[in-house]
Structure formats: structure tokens, C-alpha cells
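1. have a look at this prediction, sequence included:
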Amino acid sequence: MVHPYTRFRIRLARHAVAQLASRLRSSAEIAMLVLGPMTLGLLAFAALPAMLAAAEPLPFALPLLCLHGVAMSLPIVLLRPRVVPADVAAWLRPLPVPPARLLRAAAAVAALLTAPLALAYAASLAIWLVQDPGWMAPLRAVGGTVFSFLLTLACATGLLARGAALPQRSQQAPADAAAATRPPMPRAGWFYLWRQLFWLPLWRGATAGARQGALLAAAIGAGVLWMLGPQALPRVAGAIVTSILLVLLAHEADQALRRQLARVRGLAAGWPVDVAALAWHARALVLLGIALAPAAVTATGALAGAWHGTAGRFYLLLAWSVPPLLVLTPPFTARGRMALVALAIMLLCATGSQLWN
């Protein structure tokens, strides 16, 4: 019989996953609209990194598989505040739950969260085993993928167990909390105001900063693999993944900025602060951060000689134009916004897939 603590943790995780799915519904609609039948093709690449690593000699394969397994567990860091919210964790910590029970509950939640990854790996393995390319050793491919997944599951269990057992942060005294709500001094300058009102809220008590950091790293990594990766990696898949990540990075950063701007406008209504000028400075700094991804793609593409043709120059124009377009356009309906994001993804994917033709 399942222990009540474990059952509660599993129900909490299911509730968090359902909430996340409802929030990502619009993004899923974009992905299905843009990718459509290509979704099955992209699914085939789920286990490809582990299989490529397993095909290497053992001294190289083992570190690569460990790196892949650990990297695939990093999304749990973003999901942990939803799976174990701070208020629920504060209520759970005083309970007399032994460490072994806590670890088993974390393992059950980790298995629930990594189940879609296991299904994707199984489908990808089945596709590649049927194709049976010359570079793949079937037994090593299956063993490497299983090893990588088990390592991902173990890391996810450790992250969730640590999140449930973290000590509670000390609460601010009422006087300190009241002092923290005082408006910053205008003489401090716009950079100080931006740091206090935009940068720190992005990271303190929120996952927006971590999400944007993960998207930025993924976009840069995908661009480097697309341009400078081994020939075994299909160029079209690299173009699609890089294009989607570039647009999603700009979309996520813009949405976080707009939400924070709405809060700041209400909070600073009575302050001697030019909120409009501060908003323009915040947009400029957001665009500066986003520019790291297209800059990395531009640099690696120049090393690979990808920008000589018309398709290359047009892709560069689109990659550098999409972030300002998303950040500087006025707000409109959610469907209109999704249509704009989908159009940007389709244009980038279509142009990027022609670079190596």
C-alpha cells in the first residue's frame, strides 16, 4: 500500500504538471501548427545523442553518457518550485517523515516527471533500430540510452529530495518588509531602478530568469551544433531546433518583461519616476541579452561559411529582426501574438533549411 506522504507528493506533482500543461497550451499549439507531421521526425532524435555517445570507444562514451544524463535532469530544477511549492514545503518539513520515505517519494515523483522522456527514448530507439544505420551498434545503443535515462532519473530524484528537505528561509521582519517596499531613490539612476524592479524579481522567487537562461544556453548550443556539429547530425533538424529556440527565447523574455512592466506601473504610480523611460531602458537591456543567441549563430555560421548565399543573408536578417519585432510591437490579442510567433518560426525554419542546399 502506498504511504500517504508518497501519495500526497504524487498528487501534488500531477496537479503541478496539469497546471504547467494548461500554461503551455498556446506554445503547444504553435509547435503543432509549425511542425505538424515533422513531430514524428523530431521524435526520432530524442535518443540520438545517447546513441551517438554509446557508439564511441568506452573511455569517451562513459563521460559523454554521464554528461547527457545529468543535462537531461536539469529541467527538474525549473519544475521543482511547482512540484514542491515553498508554502507546501514549509508545511511538509515538520512532518516526522524518515529520510528513506522522503527519498522513495522523490523517486516516485521523478519517475512521474521523466515518464514522457522514457517514452520518447523508446520511440526513438525503435525508429533507429528499424533503420539500423551502419554506425549504430544495437546493444550498445540500447544500453547507453538506458544508462543515460537511469542517470537522469537518479539526478531528478536527488534534486526533488533536496528541494523537499531544504531549510526554510527566514522570514523578513514586518519593519524590514515595509522598508523593502519603499521606492528607490530617483537619484540612483535608471540602471539601479532596472536592477531593483526588473532584474532581481526575475530571479528571486520566480523561475523566469532560469527559463530564459536555459533557453539562451539551448539556443546557443543548438546553433553551434547546427553550424559546426558532426556530419551525422542532419542540418535541417539543426535549423529547425535553432530557429524554434531563437523565437521562443525572444517570446519568453518579452512576456516576462510585459508582466513585470504591468506590476511596476501599478507599484510606481505615485513615485517620482519616469516609468515610460524606465520601460524603454528595460526593453533595450532585454534585447541586448537576447542578442547573445543570434550573435553566437552569426559567428559560428561565419566560421562554417553559411552566410554567402541569399538564403544565408535572409536568415541573418530574420534572426536579428524577430527579437525587436516581438519586444517592440504593442500588445494585442493572445491569438494574434501566437500567430506572429508561429509566422516567425515558420519563416526561420524554412529559410534555415535551405542554407546547406
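-> The structure has been received and is ready for your questions. Numbering: from 1, shown residues only.
2. tell me how far residue 95 lies from residue 104.
-> Using Cβ to Cβ, to the nearest Å, residue 95 is found at 15 Å from residue 104. Just so you know, the C-beta spots here come from the backbone N, C-alpha and C atoms, and that holds for glycine as well.
3. of the two, who's got more company?
-> residue 104 (18 against 10; other Cβ atoms under 10 Å).
4. show me what contacts that one?
-> Residues counted as contacts of residue 104 (Cβ atoms under 8 Å, 6 or more residues apart in numbering) are 3, 6.
5. SS state for it?
-> helix (DSSP: H, G, I helix; E, B strand; the rest coil).
6. and the pLDDT for it?
-> We have a pLDDT of 88 for residue 104.
7. tell me how far it lies from residue 51.
-> 31 Å.
8. can you check residue 316 too?
-> For residue 316 relative to residue 51 (Cβ to Cβ), the value is 33 Å.
9. tell me which of the two has more neighbours.
-> Neighbours per residue (other Cβ under 10 Å) separate residue 316 from residue 51, with residue 51 holding more: 25 against 18.
10. give the contact list for that one.
-> 125, 128, 136, 141, 144-145.
11. extract the CA atoms of whichever strand or helix holds it and return them as CSV.
-> Counting by DSSP states H and E, the element that carries residue 51 is helix 48-54. Extracted C-alpha coordinates of helix 48-54, given in CSV (Å, rounded to 0.1, in the frame of the first residue of the first chain):
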residue,chain,number,x,y,z
LEU,A,48,20.2,10.2,-30.8
PRO,A,49,22.7,11.9,-28.5
ALA,A,50,22.9,8.9,-26.2
MET,A,51,23.2,6.5,-29.1
LEU,A,52,26.0,8.6,-30.7
ALA,A,53,27.8,8.7,-27.4
ALA,A,54,27.4,4.9,-26.9
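12. tell me the mean pLDDT over the helix or strand hosting residue 257?
-> Take DSSP H and E as the rule and residue 257 turns out to sit in helix 235-267. For helix 235-267, the mean per-residue pLDDT is 86.
13. list the buried residues in it.
-> Buried residues in helix 235-267, counting neighbours by 16 or more other Cβ atoms under 10 Å, are found at 235-254, 256-257, 260-261, 264.
14. re earlier: which parts of the helix or strand following the helix holding residue 51 are buried?
-> Tracing the chain past helix 48-54, the next element assigned as helix or strand by DSSP H and E is helix 58-72. Buried positions in helix 58-72, judged by neighbour count with 16+ other Cβ under 10 Å: 61, 64-65, 68-69, 72.
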